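Engineer: no sequence on this one, just coordinates:
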């Protein structure tokens, strides 16, 4: 088993490496993720050090000559400044550093893509695997349900759910801050994301369920599963140890293709005013703000657009590359 | 092949371009064509909720209704303080402004030729005040004696309301108190007459089916009549031949376009599709000033923007904290850097108007703010406040600027909570917020339009603040007959309000929009209610070109 | 075949009903109500208005009352506009339908050939080029593409307007915005479908037999390869003709898409319910149409279903 698995992955990796487009995409995606999470982490301002000055004054001092600017630090007198040594990509409409906002926004967008995909994946995989493994009437009932849910318009439901949840997100955040003692800035930053996760995740799992079910159906007929069954292994073990690992290929492929879709959904929701809470940014918010300044300050639209589109492009190519690499049929060529 | 495909698309495109050029040999822009046809094309932000003067509540609807209907007094094209004859040819009042008598235009006619009589006014006022009609803006008529009781169902008989038809063309209105600004009120659409005879034909006084306001059914007494209403697309009006002052009306028609996206609206103007826009997004103001200096209009508007502070919250019940927050706000910087529309920094709530001198209480003083914070005895690091605002783009940027100012000056971290419109309104009326952004547009040019709302229990107060002294002063003002003394009492009341800082005034509004140079007779007015009958279109050689 | 369609119709009714029930509950759970506004209503007036729309009743009573209205062929009165919902939908549908049809034509004409080409020239420069273009189509949000097209193209060509509706060519840019994104998806789906088929044995056999390449593609490969694309186009078409909020607001088009967002924000219960029903019905029709098309193209499906 183990050797068979590793050689499958090894073959896939070799095939992926042959696909120059997919390899380049993989490196680009990794580079974007690394920059979004590492640069702000390394570059964040340390605690104020001059005891004679207030925290604010210290921050201002540091801000002026620090190489990486805090993303929410405004300077109204320095708005729309062109790219320069102190602001590599220039500043936005209230004088915040565009590079910092782009990277911090990237964190949120990537997070939205990953977490929503994880939620959708977990629901979809469990549902699909169960449906496929149990089979029979249960299977057909479960799949009819999926068919019905497919009919629901994604955006309408997402808007309704996220509007509804964001109304109650505030109560939840008060609870977290006061009763659980969470950091209020942290909660404010992420509280508004939860409705997004819930909305995107609960609607986005349907295709994953279909794919998983199809896989589960074909795998459960294979000999080694029959063998495991005749050995009397419990269903749980068969599912987790034998069926799931063998479905991973298509699941990973589909997940890669889902991430950009969800990032785009976040952007659309941000455009409708349902996204991330201000003053934090996401790529969707930067695009939306940028499109307001299209005529006057095209840089504010072009810079986020380029990064956004390139990342999505890379993710899509990576997904396609992975599919080709993991698809045994394709291997015949 | 994909490249040939792109090629063929381009070929198709250029063929289409050629056809278009050949088809429309005249190179006229839509605005030039409209000007030639003498039709004014206006951006109007959104589809109106209705065209029934007694149902609607907004500026969008008002813009159209003032073209179709006319109240007792008319708006002067350039002077806010002056009243011209409207549906009433003349009017008088008794010495203490409690009884007013209006003589209607002798040849005032509805657009179907029926004369406009006092019966139409009484019908309109009974309709808006009728408890079963449920008019949302009925309170605009509470100035009439007995109107409030009738509207609330406490008095069943409409004859108890201070309205009397002396004859078919003479209307007497008895007020609940001295109301010297009644002529201003009558310019508001809630005071407009409606055609009794057609409403009765389409379901009666209390029907709200919108039948009588459909194009074809709508009969109006104003300078224009409704000729076409395409939902969410356009409303077209044409000049009314039966209007009593038809000779003054210069335009042959007006088109209202419900353009909700301000950037789209600006693009349409730049592309010569509109005569006047409804608004101009702050992001585009400096660009427009630069490229279209002749067309960019920034005019004083009767409105005030302020922050509400929820005084029922333990931390904000501390007056020193409220003052600290107030003096830490540099609204001039917000105006200069974000709004850019030439707004005026608000030193008080009520802007200057006529005799009323604005209070000079609000100003930016970081040291004073810090002093107040010290006096409050609160530790800024332990404060947890949230600023509630709407999901509109400008609101967000302002909230972010405020957040930054409070952090820099006071070291207080304020979180922003952006809420969509209805949730935001609900949170405010439930007092479920700490600090919230807000504004108020005056309905008529009198300070009470800004001051009445801060009474205890008023649905628009939304701060939890109230003061007996304040309400006493308002009461005194209402009973004062002498106009100047009345204003002084109102000024006193505002000082009481501001001294306790339940609100932080930020700025006084301006109306920012784009206007084509062919539009003549369009002057700045503080209610931005340009009387269409004085507006004309003139062919100009120049057009807005960047 | 007929039984499949009938069972699909039955399923469709369930979808529409579920969607309606879900919308009905969610919109009522939201904070605020249709009468919440910046100028507070006096309580007695608010009560009066709620009574008029039966909003003071329990949700169940309201729902049954609404179903009864539907049974009579009506959709109630829009709360914010005081107009029958059917009238609003009737007046907004044509613009959306024109855009949707134009959009889907653009999408199919661009997307399907691009996908086929890309599959035939797999891993070539043409493939990469087409796919990069396609993915750009997916990766650029419509709220960026629309204003760029408006200023960039319409601003410079005299007979194209930056926004507005009613002129001869006013449909072009909005339909292009809608169509390009769909075309991009279609191109990818078609490429995938074609690749699957091209790898199958019967194509190899045909190739080996010396059947001309074009004939193979058009007669054999396309038949199977286009299936996923058709399955996608059905519901996508339904989504397109119910309009897009973003494209409509940016190009100032009196379509239906705006109601989904505006009715939600204004808590116009009846209007939202109405447009959601229309959308649900169209999606069901789109799915059934796709099913029929699939069977027509591939008779083998007839036996299995």
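Structural biologist: Yes, it's here. Predicted model, so just to flag it, every value in this text is computed and none were measured.
Engineer: Need the pLDDT of the residue in the stretch 1-150 of chain C that chain B sits nearest to.
Structural biologist: Each residue of the stretch 1-150 of chain C has a distance to chain B, by CB to the nearest CB, and the smallest belongs to residue C:40, at 2.6 Å. C-betas here are computed from N, CA, C, even on glycine. Note for residue C:40: predicted pLDDT of 79.
Engineer: what's the neighbour count on the nearest residue to it once chain neighbours are set aside?
Structural biologist: Distance criterion CB to CB, 6 or more residues apart in numbering or on different chains; nearest residue to residue C:40, sequence neighbours excluded, is residue B:459 at 2.6 Å. Number of residues near residue B:459 (other CB atoms under 10 Å in any protein chain shown) recorded here: 15.
Engineer: Before we move on, what's the pLDDT of residue B:459?
Structural biologist: Reading off the per-residue confidence, residue B:459 sits at a pLDDT of 85.
Engineer: how about it, what does it touch?
Structural biologist: Residues in contact with residue B:459, defined by CB atoms under 8 Å, 6 or more residues apart in numbering or on different chains, are B:429, C:39, C:40, C:41, C:42.
Engineer: For chain B, tell me whether the host helix or strand of residue A:262 is touching it.
Structural biologist: Taking DSSP states H and E as the criterion, the element that holds residue A:262 is helix A:244-271. No: no part of helix A:244-271 sits close enough to chain B to count as contact by CB under 8 Å from any CB of the partner chain; the gap is at least 10.1 Å.
Engineer: Give me the next element, helix or strand, following that helix.
Structural biologist: Sequence-wise, the next helix or strand beyond helix A:244-271 is helix A:283-292, with elements assigned using DSSP H and E.
Engineer: angle of that next one against helix A:244-271?
Structural biologist: Here helix A:283-292 points in a direction 30 degrees away from that of helix A:244-271 (axes from the mean of the first three to the mean of the last three CA atoms, to 10 degrees).
Engineer: Skip the chain neighbours and tell me the closest residue to residue C:140.
Structural biologist: residue A:309 (5.8 Å).
Engineer: for that neighbour, what are its contacts?
Structural biologist: Residues touching residue A:309, when contacts are defined by CB under 8 Å, 6+ apart, comprise C:136, C:139, C:140.
Engineer: from those residues, which is closest to chain A?
Structural biologist: For chain A, the nearest member of those is residue C:139. The distance, counting by CB to the nearest CB, is 3.7 Å.
Engineer: Enumerate the residues of the stretch 101-250 of chain C near chain A.
Structural biologist: In this structure, the stretch 101-250 of chain C approaches chain A at residues C:123, C:128, C:131-132, C:135-136, C:138-144, C:147-148, C:151, C:188, C:192, C:195-196, C:199, C:235, C:239, C:242, C:245-246, judged by CB under 8 Å from any CB.
Engineer: Selection in PyMOL covering whichever of the residues you listed are buried, please.
Structural biologist: Selecting the buried subset of these in PyMOL, with 16 or more other CB atoms under 10 Å in any protein chain shown as the burial test, is done by:
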select buried, chain C and resi 131+135+136+138+139+140+141+142+143+144+147+148+151+188+192+195+196+235+239+242+245+246
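Engineer: per-residue confidence for the residue most central in space within chain C?
Structural biologist: Note on chain C: the residue nearest the mean C-alpha position is residue C:239, at 0.9 Å, using CA atoms, centre = their mean. According to the per-residue confidence, residue C:239 scores 78 in pLDDT.
Engineer: Wasn't residue B:90 part of a helix?
Structural biologist: No: secondary structure of residue B:90 (DSSP: H, G, I helix; E, B strand; the rest coil): strand, not part of a helix.
Engineer: Next to chain A, which bits of the stretch 401-546 of chain B? Give me the list.
Structural biologist: Proximity of the stretch 401-546 of chain B to chain A (CB under 8 Å from any CB) is limited to residues B:401, B:403-404, B:407-409, B:411, B:413, B:415-420, B:423.
Engineer: Before I go, just wanted to say thanks for your time.
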